Structures are given as structure tokens and as C-alpha cells.
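Colleague: sequence and predicted structure, then a few things I'm wondering about:
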Amino acid sequence: MKFESFTFRARTIADTDRLGAALAACLPEGAVVSLQGTLGAGKTRLVQAIAAGCGISRGEVVSPTFVLCRHYEGARNLNHLDTYRLHDEDEFLELGVEELFASPAITLIEWGDRVAACLPDQRLEITIDIAGNTSRSFTITPHGERFSEMLAGLRERLGG
């Protein structure tokens, strides 16, 4: 079943922060979020904004490109993965992702499109496009009923 996407246009970094705070409030327990976009699109920046909304210091959150997976504890816990340097899906599975997916933490995966076949059927996909120096376009696509319902709440929270 295909679910309707929602596009949020962030003209400033403050708008990206607002999106991150709204996601932190709306994402269900155990959510898996796939983030995709070119280098420099703002995947880690969005993760930092979500983390801040979860009570995690934005300064703690750095790209996991070289360590592949980071865990953050706050009012809501986060798993933050980066698949950019992985060679294949087997290497991704070796990270123990099934255990992460089964946890109540929110799991955010940069370059998630590279391992899409390994992701749960129920997930959120966010594609980030650069629209200007500080502006971004976030296309948010729910996969599964759980995230379709969540997206309605997110739209309402963002005034869209």
C-alpha cells in the first residue's frame, strides 16, 4: 500500500530545528527513520535537531560515518547509524540492527536508501534536498499505517 508523502520546506536552520522538535514529539517508540540526501544536505543536522527534542545535547551528536553507530540517552533514546562507508547489506546486518530495531529507541539511519532491503516495512523515510544556502526541502514518506497516522500529527504540529 502506498501512503501519501508530505514535504516540509525549511528556509532557515531554525525551521530545520522546528522539524526536528516536531519529529521528536511525534515519532512512535521504536521508530526507524531512513535519511537520504547528497553529501552536505543536512542529514546529521536533522538528527541533531531530533536529538535536542529528545533531551540530548545537540553538541553530543556527531556523524557516525567512521564508527557506524552511536547511541544517545535522553528523555527518549536514539540510535544513530551511517551506512555511507559500508560495502554491502551484510555488513549493515552485522552491526546488530535487528536488535536496535526491536528496542524502544528511535533509530535514525543516514544513507538508509543504501540498505533499504534490510529496513523494517514499517518506517519513515526522509529525503533531504538542498534548496539554497540554508534552505532545505524535506520529503517525508511513511511506510506502513503506523507512520501514516504519525505523519498526520506531524503535519498538524508543523501547521501544514
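Modeller: Everything's here; your move. Residues are numbered from 1 along each chain as shown.
Colleague: in the helix or strand of the chain with the lowest mean pLDDT, which residues are buried?
Modeller: Sorting the helices and strands of the chain by mean pLDDT, DSSP states H and E puts helix 89-93 at the bottom, at a mean of 89. By 16 or more other C-beta atoms under 10 Å, the buried positions in helix 89-93 come out as residue 92. Quick note: C-beta positions are derived from backbone N, CA and C, even for glycine.
Colleague: residues in contact with it: which ones?
Modeller: In this structure, residues lying in contact with helix 89-93 by C-beta atoms under 8 Å, 6 or more residues apart in numbering are 83, 86, 115, 117-118.
Colleague: can we see that at 6 Å?
Modeller: Contact partners of helix 89-93, identified using C-beta atoms under 6 Å, 6 or more residues apart in numbering, comprise 83, 86, 115, 118.
Colleague: again, but for stretch 27-35
Modeller: Outside stretch 27-35, the residues that reach it (C-beta under 6 Å, 6+ apart) are 43, 101, 104, 106-110, 112, 119-120, 123-126.
Colleague: contacts only, for residue 128.
Modeller: For residue 128, the contacting residues are 37, 41-42, 136, 138, by C-beta under 6 Å, 6+ apart.
Colleague: redo that, cut-off 8 Å
Modeller: So residue 128 contacts 35-37, 41-43, 46, 136-138 (C-beta under 8 Å, 6+ apart).
Colleague: hang on, the earlier thing: now the two most distant members of the contacts of helix 89-93.
Modeller: Within the contacts of helix 89-93, 86 and 118 form the most distant pair, 10.4 Å apart (C-beta to C-beta).
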